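A.B. asks: predicted model, plus sequence, below.
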Amino acid sequence: MLSRSLLFGILIHQTKSIAIALRGADYREQTIYTLNDFPEYASIPLITQRFNISRSGIYRMLSQGDIQAVKVGRSTRIVTRSVEAYFARLPRLGVAA
């Protein structure tokens, strides 16, 4: 039977090996949302990813009143429907007939 200290040493070694294997790779969990399960209030990084808008672009749209946000403590949450409504108001590009 293995002693506790030996088992602990093996566990630490394996943990370090996994960390070394993952170093340099983007191993953060990426959540992919569909249109149906996208949150009603989303963080700025999530909005930038979902709608391909820069962070400064989001703050510019907020200051111009194009989209809406709420504060939750120190966090800013963007009202997702306001971003969708903003895109719906944009003129559509098309071929002139």
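C.D. replies: Done, it's in. None of these values were measured; they are calculated from a predicted model. Numbers count the residues shown, from 1 in each chain.
A.B. asks: all contacts plus neighbour counts: C-alpha atoms, from now on.
C.D. replies: OK.
A.B. asks: and the lowest mean pLDDT element among the helices and strands of this structure?
C.D. replies: Within the chain, no helix or strand scores below helix 4-22, which has a mean of 52 by mean pLDDT, DSSP states H and E.
A.B. asks: I'd like the next helix or strand past it.
C.D. replies: strand 41-43 (DSSP states H and E).
A.B. asks: in that following strand, what's buried?
C.D. replies: 41-42 (16 or more other Cα atoms under 10 Å).
A.B. asks: which neighbours does that strand have in its sheet, and in what orientation?
C.D. replies: strand 75-79 (antiparallel) (DSSP bridges).
A.B. asks: which residues touch the strand it pairs with?
C.D. replies: 40-44, 47, 67-71 (Cα atoms under 8 Å, 6 or more residues apart in numbering).
A.B. asks: now with 7 Å, please.
C.D. replies: For strand 75-79, contacts defined as Cα atoms under 7 Å, 6 or more residues apart in numbering pick out 40-44, 68-71.
A.B. asks: quick check, nearest of these to I58?
C.D. replies: Among the contacts of strand 75-79, I44 lies closest to I58 (Cα to Cα), at 7.6 Å.
A.B. asks: which residues touch the closest one?
C.D. replies: 55, 77-78.
A.B. asks: for ChimeraX, what selects the buried ones among those?
C.D. replies: Per 16+ other Cα under 10 Å, the buried members of the contacts of I44 correspond to this ChimeraX selection:
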select :77,78
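A.B. asks: which one of the contacts of I44 sits closest to L93?
C.D. replies: For the contacts of I44, the nearest to L93 is R55 (24.7 Å; Cα to Cα).
A.B. asks: hang on, the closest one packs against Q49?
C.D. replies: No: if you go by Cα atoms under 7 Å, R55 and Q49 don't touch, sitting 9.7 Å apart.
A.B. asks: shared neighbours of those two, anything?
C.D. replies: With Cα under 7 Å, 6+ apart as the test, R55 and Q49 reach no residue in common.
A.B. asks: can I get the contacts of I44 in TSV including pLDDT and distance to A85?
C.D. replies: Putting the contacts of I44 into TSV (pLDDT from 0 to 100; distance: Cα to Cα, whole Å) gives the following:
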residue	pLDDT	distance to A85
R55	95	18
R77	95	16
I78	95	13
